[in-house]
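Chemist: A predicted structure for the sequence below; I have some questions about it.
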Amino acid sequence: MSAPPEVDRRMLEALVEHWLPEANGRRLLLVHGRYADGGDREFGIRTKECRCRVHVADRHSLLGVLEAWQDHQREHGSETDTADTLLVVTTGVEDHQFGWDLLAYAVQRRVLSVDRAQIIAQRFGARDVDPRIRREHWLVDALLDAEPVEGWPRTGSVLTRDRAIHALIGVRLGRAALGEDAVDIGTLLDFSLDVAGTTRFAALPAAERDGLTDWLTHTVGDAAGLLLRLAAEGRAADAMPLGIVGTAAVGENASPAAALAFGGLLGGVRPEQLGAFTEAVEGALERWVSEAESGGRNSAGAREKVLAVTRRAEELAATAGLTAELAGNRFLPSAFTTRLHDLATALTAAVAGTGELTAVEDALGALRVHHLARLAGERMRAVDMAVRLARWLAHPAPELTSVADAIRRYSTEWAWADRASTTVWAGDPAGDPVLGRAYHTVFRAVRKRRAAFDETFAAHLVTWTRYASVDDTGGCLLIERVLDEVVVPLAGEKAPVIVVLDGMSGAVAAGLAEQLTERTWFEASPKAHRIAAVSALPSVTRASRPSLLTGTLTAGDQTVEKDGFAAFWKRRGGHRSGLLFHKADIAGDAGHRLSDQLLEALSDESGVVAVVLNTIDAALDHGSEGDRTGWRPGDITYLPELLDAARNYGRPVVLVSDHGHVLDRADSTKTPVDDVESARWRVGEPGKGEIALSGPRVLLGGGTVVVPWQEGIRYTSRKAGYHGGAALAELAVPVLVLLPSLDVLPSGWELLPTERVAPTWWQRHVEEPISSEAQQARAGQAASAARRVGKQRPDELSLFAVDGQDVRDTVGSPAEQLSLGERIVAGEVYAGQRAFVPKAPDRKVVAAVVDALVEAGNRLPLNTVAELAGRKGRGPTIFATILQRLLNVDGYPVLSVEGGQWLTLDVDTLCLQFGLDRD
């Protein structure tokens with residue numbers, strides 16, 4: 001025999017398990033081998049047939065073996081007593097040296113050889129192994145050494161080489177390297193950030209590292225070989241960062257100088273190997289960015305991985321002097337910063353009149369394709385707001401003709417500018433000084449324009465206030481008429497819930513409505529646009545809130561409001577009641593958010609309920625508004641609970657304020673005057689930036705007050721915000737009507753989809769500025785289809801209901817009276833397409849979507865399309881995909897999805913594919 005090989009406990013266990021069933025009562029197992037130093041000398045073992053205690057002795061002379069056997073017999077008694085024990089002797093003594101007297105006690109009556117490959121097969125539950133395993137000693141050694149505590153996974157009758165290496169990788173590199181039972185470059189790149197796993201790999205014997213690297217390179221590709229080379233060198237953490245920097249050497253703009261510089265970081269790499277590696281790294285990073293965006297449980301970890309890799313890539317690029325060459329890279333932080341600065345330059349020039357808005361849009365587009373933009377949510381929000389304001393400034397300033405004109409323009413457009421300017425005023429969340437200067441320029445330009453509007457509005461307000469009344473409103477919705485003109489029409493079978501958000505401005509309302517209508521609520525209006533009322537004067541709670549809640553122009557306290565609200569609904573006749581809840585009436589007992597009285601009132605669907613929430617007004621007074629750039633529904637105490645309750649009872653909701661507010665912008669000054677009544681109104685003579693108002697709508701100050709129209713004027717100490725003055729943001733009272741379903745839409749009212757409410761400049765770039773009137777008319781057309789669809793009951797319009805009849809049998813109107821959408825779904829081509837789309841939407845839904853797209857200029861947000869189809873908040877992307885399958889005949893792009901947010905229609909291709917004339 002050859003020199004005895006080293007054996008360990010696992011090998012002996014395998015031998016015992018294999019030979020014990022054939023022992024025939026023999027309790028001596030002679031093994032050709034040398035027992036590993038430090039190995040256990042005694043251990044237990046269990047097989048299907050029996051269990052026994054194994055004693056191990058390492059003896060390399062005939063006398064030594066004989067002595068060990070005799071000692072075992074003496075210690076463990078007679079042959080009968082040794083039935084549950086087994087002596088294993090590892091030895092270099094060969095068979096012919098033993099006498100038959102000793103071999104007679106030995107299993108198989110000979111010295112057994114260790115077939116290491118066969119042991120491996122046994123440990124995997126196989127009968128044999130792939131012949132290649134026997135030839136690769138590194139693999140045999142590794143499999144014997146690496147068996148996990150729970151054992152190797154069971155396999156088929158023959159253990160293949162690929163299966164063996166795959167199992168070995170799971171132990172050596174960690175389960176993360178296996179992914180879903182498959183090794184790919186993505187999982188290996190994940191593994192590269194696992195310090196423990198890469199350290200284990202670097203510590204493996206060189207032969208095993210080389211063997212695993214060869215197999216993974218063959219299985220996964222060249223990128224795997226490069227990654228494992230770095231891991232073997234202890235540089236695994238730099239693998240992905242080098243993949244980013246490596247684009248300078250193999251990208252489109254690569255140069256010999258860049259390749260040479262990169263070689264200083266990582267030499268000896270073939271260009272094709274580096275190309276495959278950089279491509280794999282970018283793919284993995286894109287996957288992590290998407291995971292970070294998803295908001296799932298792993299999103300925070302994915303975000304940190306991306307940021308860690310890109311920051312290290314930045315350091316390596318600087319070390320190699322490749323930062324400039326990587327300016328176009330879509331992962332490098334410095335490239336992201338460069339694009340931010342390019343945008344800042346374009347913004348400054350556009351606002352100053354020395355540049356074009358198209359340069360701003362181009363810079364924004366370049367910024368958006370950088371992947372770090374997707375992780376910089378707050379920074380990109382500020383960017384978007386600044387660009388929106390630049391678009392708004394590019395529109396010509398309108399001439400205000402009246403108070404009503406100004407209020408309407410504010411509620412439909414300027415409130416959005418105020419909302420954006422709040423974010424821009426706060427600056428770049430990361431504190432970038434270049435962006436900060438650009439934002440400052442934008443904010444000042446916006447404020448200058450808004451101040452001009454406020455000044456013109458104030459001039460109209462002076463005259464209007466003298467004569468305005470319920471009988472002569474001048475085209476305005478007065479705050480005391482909100483109950484009559486807005487709430488009463490909503491009081492159908494299920495009475496509305498009125499939530500008074502004290503101090504809510506048009507800017508705050510725009511943000512809240514956007515969030516609330518995104519998934520669960522429909523916005524509606526008695527007009528073709530969002531409406532706003534005019535507050536009482538001065539624009540403070542004591543004058544405006546009682547007027548709102550009593551339906552009469554009056555000043556007073558909570559008692560006046562509560563009694564007047566009940567009296568209003570009593571005057572309406574019938575069984576309708578009106579209950580008003582102030583702050584002290586809302587909170588419930590321990591364990592309950594809302595009081596029993598409020599919950600009981602909400603459950604009585606015939607009674608009108610009003611609740612006053614003071615969170616916004618209190619925040620302005622106490623400074624909580626200081627760092628806010630927007631309000632979320634959850635920021636307003638009790639609002640989510642009230643909305644949930646109203647929705648559960650199927651009740652419409654009116655979100656309304658009593659007045660708006662202006663924010664302190666740090667440059668406001670306290671005006672030293674006498675007769676100060678509040679932060680923004682007083683009595684006396686008006687000065688610069690102020691006006692005097694007199695008339696029946698002035699409820700305080702003896703019928704005449706002095707109020708500032710300039711936002712920077714205040715009469716009291718500094719706070720986060722103020723109200724009482726004559727700025728549009730204070731006097732315009734937003735009125736939001738939210739419906740839980742289309743069933744409660746009053747006759748003659750309008751649905752307000754997102755694209756109809758938000759100004760066009762807010763949603764996207766408009767190459768040629770259009771008037772507010774034209775914008776409203778164009779957006780209004782998009783909602784007409786929603787009304788046509790929405791008037792049908794849900795059971796008549798199930799989005800995925802399958803028609804049981806041919807569409808041609810249900811179209812009764814002459815062809816010339818049909819819309820384009822109706823003609824599409826009535827044709828043979830559509831019928832053929834529909835046959836291949838299981839559970840296709842109702843044809844009326846498809847027709848309505850097509851018509852809405854045409855009427856809106858062939859482009860609508862996905863959420864709006866879903867809303868038109870009655871699928872609000874339920875997978876708009878999936879719905880768009882189904883529409884594409886129905887309308888994209890032969891794969892032609894009739895419908896396209898832009899940026900995951902917009903659905904666009906190519907009308908010419910649509911008509912061509914469906915054989916129709918466009919007109």
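Modeler: It's in. Residues are numbered from 1 along each chain as shown.

Chemist: lowest-confidence helix or strand of this protein?
Modeler: helix 772-790 (a mean of 45; mean pLDDT, DSSP states H and E).

Chemist: Now do the SS call for residue 268.
Modeler: coil (DSSP: H, G, I helix; E, B strand; the rest coil).

Chemist: residues near it, how many?
Modeler: By other Cβ atoms under 10 Å, the residues close to residue 268 number 8. (C-beta placed from N, C-alpha, C; glycine too.)

Chemist: Which pLDDT value belongs to it?
Modeler: With respect to pLDDT, residue 268 scores 90.

Chemist: Distance check, it against residue 225.
Modeler: Counting by Cβ to Cβ, to the nearest Å, the separation of residue 268 from residue 225 is 12 Å.

Chemist: so who does residue 347 touch?
Modeler: 360, 363, 386-387, 390, 438, 441-442 (Cβ atoms under 8 Å, 6 or more residues apart in numbering).

Chemist: change it to 6 Å
Modeler: For residue 347, the contact set (Cβ atoms under 6 Å, 6 or more residues apart in numbering) comprises 360, 386, 390, 438, 442.

Chemist: from memory the third one sits against residue 359, does it?
Modeler: No. Counting by Cβ atoms under 6 Å, no contact exists between residue 390 and residue 359, whose distance comes to 10.1 Å.

Chemist: which of the two has more neighbours?
Modeler: residue 390 (29 against 16).

Chemist: Now the more buried one: phi and psi?
Modeler: phi -60, psi -40 (degrees, to the nearest 10).

Chemist: Next up, phi/psi of residue 218, please.
Modeler: Torsion angles, degrees, to the nearest 10, at residue 218: phi -70, psi -40.

Chemist: Run a quick neighbour tally on it.
Modeler: 11.

Chemist: How confident was the prediction at residue 11?
Modeler: 78.

Chemist: What's the separation between it and residue 439?
Modeler: Residue 11 is 71 Å from residue 439, by Cβ to Cβ.

Chemist: likewise residue 691?
Modeler: As defined by Cβ to Cβ, residue 691 lies at a distance of 31 Å from residue 439.

Chemist: more neighbours, the two?
Modeler: More neighbours surround residue 439 than the other of residue 691 and residue 439, with 26 against 19 (other Cβ under 10 Å).

Chemist: returning to that earlier point: what mean pLDDT would you report for the helix or strand that the least confident helix or strand of the chain is followed by?
Modeler: Remark: after helix 772-790, the chain's next helix or strand is helix 820-825, criterion DSSP states H and E. Averaged across helix 820-825, pLDDT comes to 90.

Chemist: Then stretch 197-212?
Modeler: For stretch 197-212, the per-residue pLDDT averages 93.

Chemist: so how many other residues sit close to residue 605?
Modeler: Neighbours around residue 605, by other Cβ under 10 Å: 13.

Chemist: swap that for residue 523, sorry
Modeler: Count around residue 523 with other Cβ under 10 Å applied: 22.

Chemist: show me the contacts for it.
Modeler: 513, 517, 752.

Chemist: which of those residues lies closest to residue 825?
Modeler: residue 752 (26.3 Å; Cβ to Cβ).

Chemist: That closest one and residue 525: what is the separation?
Modeler: 6 Å.

Chemist: Please identify which of the two sits among more neighbours.
Modeler: Per other Cβ under 10 Å, whichever of residue 752 and residue 525 has more neighbours is residue 752, with 26 against 19.

Chemist: Out of the contacts of residue 523, flag the one nearest to residue 577.
Modeler: Proximity of these to residue 577 (Cβ to Cβ) peaks at residue 513, which lies at 28.3 Å.

Chemist: Name the nearest residue to that closest one, sequence neighbours excluded.
Modeler: Excluding its sequence neighbours, the residue lying closest to residue 513 (Cβ to Cβ, 6 or more residues apart in numbering) is residue 736, at 5.2 Å.

Chemist: next one: residue 914
Modeler: Closest to residue 914 by Cβ to Cβ, 6+ apart is residue 829, at 4.8 Å.

Chemist: what helix or strand does that neighbour sit in?
Modeler: helix 828-834.

Chemist: Also residue 499?
Modeler: Assigned by DSSP H and E, residue 499 belongs to strand 497-501.

Chemist: which of the residues in that strand are buried?
Modeler: Within strand 497-501, the residues that count as buried by 16 or more other Cβ atoms under 10 Å are 497-501.
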